[in-house]
Structures are given as structure tokens and as C-alpha cells.
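In: How does the following fold in three dimensions:
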Amino acid sequence: MNEMILKFPAKSENEVFARNAVAAFVLPLNPSLSDLSDVKTAVSEAVTNCIVHGYRDAEGWVTVVCRTEGPRLEVEISDEGRGIEDVPRALTPFFTTLPGEERSGMGFTIMQTFMTEFSVESAAGKGTKVRMSKDFSARRMNAG
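Out: Predicted coordinates:
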């Protein structure tokens with residue numbers, strides 16, 4: 001098992017840092033370019049949600065925890081911000097709390113689509129934690 005923990009200020013410029021750090025961390029699993037792109041996109045969506053929705057214009061921290069074991073990547077991305085009052089509703093495609101800001105409401109849907117497993121824990125006023133995993137073993141079996 002390998003593990004990485006990042007904690008950084010909830011600023012939009014740190015989204016690129018987070019996605020590239022996770023991409024570098026997963027490289028030993030020898031992902032395809034498509035799988036690597038999926039992971040980077042899912043991480044970008046989760047970090048952006050923390051910054052835009054978790055804190056809105058307030059200061060705060062985003063934490064990214066990555067683990068690899070065998071051919072599996074696990075990622076937890078969390079904030080201690082506003083939280084989500086209604087998680088099932090937030091998981092509905094096209095739902096957004098900021099419709100006037102050109103938000104598509106597809107972030108969670110993208111994360112679910114691009115990763116093998118996905119879950120959200122949240123409580124109003126207590127922050128949000130997104131857990132995602134990607135299993136690279138099926139690609140390895142098909143590559144041989």
C-alpha cells in the first residue's frame with residue numbers, strides 16, 4: 001500500500017495542483033491515458049466542488065487523501081465548509097445551487113461515471129467528503 005495526503009487552501013488555482021499530484025501518484029499503477037484522464041477529471045470536479053460550493057467565497061482548506069493497493073486507487077477529497085443539506089438531490093444530474101454562475105450541475109455525475117466506485121458524505125455546516133476509487137485490474141487483464 002502507498003498513501004499520500006495533501007492539504008491546501010481552497011483557492012481555484014490549487015485545482016490544477018491537486019489533479020496533477022493525484023495523476024503523478026497513480027502513475028506506478030500504469031494507467032492508460034484514458035484512465036488517467038478519467039481520474040484527473042474526477043479529482044478536478046471534486047476539488048472544484050469544495051472550493052465553489054463548500055466555501056463559496058470564504059477561506060478554508062481542501063484535503064486530498066490517496067491510497068493505492070494492488071491495481072486499485074482510492075481517493076478521498078474533503079472540505080469543512082457549508083456541507084450539503086440534501087445529498088440525494090445534489091446527486092441528481094443538472095442540479096446546482098449556483099444556477100446564475102454557469103454551473104452545469106454535472107460534477108457528481110462526472111465523478112460517478114469516470115470512477116469505479118463513488119460516494120458522498122455530508123452534513124449541513126460540517127463539510128463534505130467524496131470517496132472515489134478506480135480499479136485498473138480489468139485493463140491489465142485485457143492488455144495481455
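In: Give me the sheet partners of the host helix or strand of Arg67 and which way each runs.
Out: Taking DSSP states H and E as the definition, one finds Arg67 inside strand 61-69. Strand pairing for strand 61-69, using DSSP bridges, gives strand 2-9 (antiparallel), strand 72-79 (antiparallel).
In: Can I get the first one as PDB, trimmed to CA atoms?
Out: Extracted in PDB, the C-alpha atoms of strand 2-9 (Å, rounded to 0.1, in the frame of the first residue of the first chain):
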ATOM      1  CA  ASN A   2       1.100   3.600  -0.700                       C
ATOM      2  CA  GLU A   3      -0.600   6.700   0.600                       C
ATOM      3  CA  MET A   4      -0.400  10.500   0.000                       C
ATOM      4  CA  ILE A   5      -2.100  13.300   1.900                       C
ATOM      5  CA  LEU A   6      -2.400  16.800   0.600                       C
ATOM      6  CA  LYS A   7      -4.000  19.800   2.300                       C
ATOM      7  CA  PHE A   8      -4.200  23.200   0.600                       C
ATOM      8  CA  PRO A   9      -6.100  26.400   0.700                       C
END
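In: Look up the pLDDT of Gln112 for me, please.
Out: pLDDT for Gln112: 92.
In: And for the one 3 residues further on?
Out: The per-residue pLDDT reported for Met115 equals 97.
In: now do Phe17
Out: For Phe17, the predicted pLDDT is 96.
In: which stretches of the protein have low pLDDT?
Out: Scanning the chain for pLDDT under 70 picks out 93-106, 138-144.
In: can you rerun that using 50?
Out: For the chain, the stretches with pLDDT under 50 are 140-144.
In: Hmm, Phe8 and Ala18 touching each other?
Out: Yes: counting by Cβ atoms under 8 Å, Phe8 is a contact partner of Ala18 at 7.1 Å. Heads up, the C-betas are built off the backbone N, CA and C, glycines and all.
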